[in-house]
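# From the sequence below, what's the structure:
(2 chains)
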Amino acid sequence: MNSKGKAFHYGDNVDTDVIIPARYLTTTDAAELARHCLEDLDDTFATRVKAGDILVAGKNFGCGSSREHAPIAIKGAGVSCVIAESFARIFYRNALNIGLPILECPEAAENIRTGDAVSVDFDTGTILDETTGETFRAEPFPPFMRELIAAGGLAAYVGRG
Amino acid sequence: MGMTMTQKILARHAGREQVRAGELIMADLDLVLGNDITAPVAIREFPNFGKAQVFDKEKVAIVPDHFTPNKDIKAATQCAACRAFARAQGIVNYFEVGHDCGVEHAVLPEKGLVTAGDLVIGADSHTCTYGALGAFSTGIGSTDMACGMATGKTWFKVPSAIRVVLTGSLPRYVSGKDVILHLIGEIGVDGATYQSLEFTGPGVAALTMDDRFTIANMAIEAGAKNGIFPVDEQTLAYLKEHGAKEPVVCAADPDAAYTHTVEIDLSALKLTVAFPHLPENTRTIDEVGEVKIDQVVIGSCTNGRISDLRAAAEILKGRKVAETVRCIVIPATQRIWKQAMKEGLFDIFVDAGCAVSAPTCGPCLGGHMGILAENERAVATTNRNFVGRMGHVKSEVFLASPVVAAASAVAGKLCGPEDVARMPPDAREAGN
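Numbering: from 1, shown residues only, chains lettered A, B, ... in the order given. Have a look, this model is predicted:
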């Protein structure tokens, strides 16, 4: 399982209110949520992001509200992976539960720049910045988590079993 | 090795003698909670877990409180989905607007739905509030809520803990809000990520239950999985008064391991305010400088309880809200609303120039009932001051206690009650 795309780099404490502001929480539709993804942090993101692109951020990504709409909006926008120095715990759980791969890797979070071409090998946890040639290593997911993500999330993973 | 209070509750719900920090466990749930924002996603996912019925119709709670009373057609549609699901499933703890309802984390303890030793998950990050009652409670997302409703179980990574030792007692006007803002200022918004905050020490006895609810409520703002208080006579009296089921008292072992200890002398605390745009940006009231404001919000799951309204009313009595300020008071539940009315607090608020709202989360999350325009500033007794939290992306929220919020409403700028005391009572020109 792999992902590949252009990186969008943001800072520390990207909270779920800026990922998807509460004014858009009157829907559960992924496509509609995706149109407002990160709007209060970078209002050009939703129009610039392409399928496969990768979010890179600092510490405590996804802090604040437990709204699952946040990872749903990110996944709906086409983002194939989020790499951060660290994640807030509710977001961490929510992202995996809906099948959005996320990796903790402080070195990658510090060095990857916006616009860099990045590829991720989830089986090994290898993150390659193709623009700079730098390689970073994150803890790979155990096999069941790779299957869960591939299935599209916890419900699909449990439901099929 | 001994266990923390949190670990003991988790062990009991996992059918284990002992659990260790870092271990993954499967645990039984006493209550699964959702609201009108998070439950609709869970309801959509529910059928995918292969169960036609929720695991126990008395152990699921759905509280429509965020965009209620329905703010628009889309919000009404989400509430309708919650209502239909609750009816179809026979969910006992579905609380309709006006029907002894209100903000979820104020409603559930008030109705005695959580007791000491319980394990509660809720699709709302402030579910950690019930740690005040000596329960383990934590926020999760909608998929976890759906899984919990279907199976009555979920998995947890057993958290390590930070011990917060409280000594002394709070000076006049200083409250639980100042304690938790001070703590978040000390350890940061990710200072307790994946961990428990276990409050202990002789200072606990000097905190009211409402102080403890406020402190546990904002444990998440330090990234914590849960915040928890030991069970004492006050806790037991509260549980009895509210008809909660028999408590199971778990206490931390004397040799429990903590990653570190934070000591707080309550006597030394001052009124504390969190500046935009993070709850960790704290300053004491004597450091705030000159901050003109446009709105004050007194309410929310953090500070919408009767003691909060009384504290605000004490400041507002015989005074006027500055002409430049809108002051919105939101009792957190119907019962609190009625109590405030009986005590004459609404006379004080309305005479002062406050708008009193029906119970709702409303403006706290920028939902409705008090949204900020560009460049507007609010002092709020709520829990988050992130960018755009209460409205426009260029608006600002300053988090504070009810007395600071009320004093600021009178002065038209961020300040404490002592500053207001120096102003002439009933001064219409106040703050201008």
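
# Okay, now the unreliable bits of chain B?
Where chain B drops to pLDDT under 70, the residues are B:425-432.

# Which stretches in chain A count as helices?
In chain A, the segments counted as helices under DSSP state H are A:16-19, A:30-34, A:45-48, A:69-76, A:89-97, A:106-111, A:143-151, A:154-160.

# Surely B:T282 and B:H182 touch.
Yes. Counting by C-beta atoms under 8 Å, B:T282 touches B:H182, with 6.6 Å between them. To be clear about C-beta, it is placed using only N, CA and C from the backbone, and glycine gets the same treatment.

# residues from the stretch 1-150 of chain B in reach of chain A?
B:37-38, B:40-41, B:44-45, B:48-50, B:66-67, B:71-72, B:74-75, B:77-78, B:123-125, B:127, B:139-144, B:146-147 (C-beta under 8 Å from any C-beta of the partner chain).

# again, only this time at 6 Å
Contacts of the stretch 1-150 of chain B with chain A, taken as C-beta under 6 Å from any C-beta of the partner chain, map to B:37, B:40-41, B:45, B:48-50, B:74-75, B:123-125, B:139, B:141-143.

# Just the buried ones from those residues?
B:37, B:40-41, B:45, B:48-49, B:75, B:123-125, B:139, B:141-143 (16 or more other C-beta atoms under 10 Å in any protein chain shown).

# Now the two most distant members of the residues you listed.
B:F49 and B:A75 (26.1 Å; C-beta to C-beta).

# burial of the closest residue to B:F95 other than its chain neighbours, as a residue count?
What sits nearest to B:F95 in space, not counting adjacent residues and going by C-beta to C-beta, 6 or more residues apart in numbering or on different chains, is B:C101, at 4.0 Å. For B:C101, the count of nearby residues is 22 (other C-beta atoms under 10 Å in any protein chain shown).

# Look up how far chain A lies from B:C101.
19 Å (C-beta to the nearest C-beta, to the nearest Å).

# May I have the phi/psi pair for that residue?
When read as degrees, to the nearest 10, the backbone of B:C101 gives phi -110, psi -160.

# Settle this for me: it is touching B:N93, isn't it.
No. In this structure, B:C101 is not within contact of B:N93 by C-beta atoms under 6 Å, at 10.7 Å.

# count of residues packed around the residue lying closest to B:D28 once chain neighbours are set aside?
In space, and not counting its chain neighbours, B:D28 is closest to B:H13: 4.9 Å by C-beta to C-beta, 6+ apart. For B:H13, the number of neighbouring residues by other C-beta under 10 Å comes to 21.

# My read is that B:H13 contacts B:G117, right?
No. Applying C-beta under 6 Å as the test, B:H13 and B:G117 come out as separate, 9.0 Å apart.

# what do the two both touch?
Common contact partners of B:H13 and B:G117 (C-beta atoms under 6 Å, 6 or more residues apart in numbering or on different chains): none.

# where's A:V49 relative to A:G99, distance?
Using C-beta to C-beta, to the nearest Å, A:V49 is found at 18 Å from A:G99.

# same thing with A:P140?
From A:P140 to A:G99 the distance is 17 Å (C-beta to C-beta).

# Show me which of those two is the more surrounded one.
A:G99 (19 against 15).

# Can you get me the start-to-end distance on stretch A:60-72?
18 Å (C-alpha to C-alpha, to the nearest Å).

# ok, it near chain B or not?
Yes. Looking at stretch A:60-72 against chain B by C-beta under 6 Å from any C-beta, the contacts come from A:60, A:65-66, A:68.

# Dump those into a markdown table; add pLDDT and neighbour count as well.
Output for the residues of stretch A:60-72 next to chain B, formatted as a markdown table (pLDDT from 0 to 100; neighbours: other C-beta atoms under 10 Å in any protein chain shown):
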| residue | pLDDT | neighbour count |
| --- | --- | --- |
| A:N60 | 98 | 25 |
| A:S65 | 97 | 31 |
| A:S66 | 97 | 32 |
| A:E68 | 97 | 31 |
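
# Nearest to A:G76 among these?
Nearest member of the residues of stretch A:60-72 next to chain B to A:G76, counting by C-beta to C-beta, is A:E68, at 11.7 Å.

# Which phi and psi values does that closest one adopt?
Taking degrees, to the nearest 10 as the convention, A:E68 sits at phi -70, psi -10.

# same deal with B:G139?
Torsion angles, degrees, to the nearest 10, at B:G139: phi -80, psi 140.

# Could you find the closest non-adjacent residue to it?
B:G139 sits nearest to B:S125 (C-beta to C-beta, 6+ apart), 3.8 Å away.

# again, but for B:M369
B:M369's closest residue in space is B:G362 (C-beta to C-beta, 6+ apart), at 3.5 Å.

# Kindly report the same for B:I315.
B:I315's closest residue in space is B:A406 (C-beta to C-beta, 6+ apart), at 3.8 Å.

# Could you tell me which residues of chain A lie near chain B?
So chain A meets chain B at A:15, A:17-18, A:21-22, A:25-26, A:28, A:40, A:59-60, A:65-66, A:68, A:88-90, A:94, A:97, A:154-155, A:158-159 (C-beta under 6 Å from any C-beta).

# Quick check on the residues you listed: which are buried?
A:15, A:17-18, A:21-22, A:25-26, A:28, A:40, A:59-60, A:65-66, A:68, A:88-90, A:94, A:97, A:154-155, A:158.

# Can you tell me what sits against stretch B:104-111?
With C-beta under 6 Å, 6+ apart, stretch B:104-111 has contacts from B:35, B:63, B:65, B:114, B:126, B:129, B:301, B:332-333, B:335.

# thinking B:T324 is in contact with B:G412, fair?
Yes. In this structure, B:T324 is within contact of B:G412 by C-beta under 6 Å, at 5.0 Å.

# Can you pick out the residue with more neighbours from these two?
For B:T324 versus B:G412, neighbours defined as other C-beta under 10 Å are more numerous around B:G412 (19 against 14).

# Report the separation between that one and chain A.
Counting by C-beta to the nearest C-beta - B:G412 and chain A are separated by 27 Å.

# Tell me the buried residues in whichever helix in chain B runs longest?
Using DSSP H, we find that the single longest helix of chain B is helix B:73-89. Within helix B:73-89, the residues scored as buried using 16+ other C-beta under 10 Å are B:75-76, B:78-79, B:81-83, B:85-86, B:89.

# what residues does the least confident helix or strand in chain A by mean pLDDT touch?
Counting by mean pLDDT, DSSP states H and E, the weakest-scoring helix or strand in chain A turns out to be helix A:154-160, with a mean of 82. Surrounding helix A:154-160, the residues in contact under the criterion C-beta under 6 Å, 6+ apart are A:97, A:148, A:151, B:45, B:48-50, B:143.

# Next: stretch A:100-120.
A:3-4, A:7-9, A:54, A:56, A:58, A:71, A:75, A:81-86, A:95, A:127-131, A:134, A:136, A:138, A:149.

# Counting neighbours, what do you get for residue 56?
Here I'm looking at chain A. Residues near A:V56, counting by other C-beta under 10 Å: 27.

# right idea, wrong chain: chain B
15.

# Look up the closest residue to A:M1, ignoring the ones flanking it.
Per C-beta to C-beta, 6+ apart, closest to A:M1 is A:F122, 4.3 Å.

# Give me the nearest residue to residue 121, chain neighbours excluded.
All of this is about chain A. Using C-beta to C-beta, 6+ apart, the closest residue to A:D121 is A:N2 (5.5 Å).

# Not quite, go with chain B.
Looking at B:I121 with C-beta to C-beta, 6+ apart, the closest residue is B:I140, at 4.8 Å.

# one step back: which ones among the buried ones among the residues of the stretch 1-150 of chain B next to chain A are found in strands?
Counted as lying in strands by DSSP state E, out of those, are B:G139.
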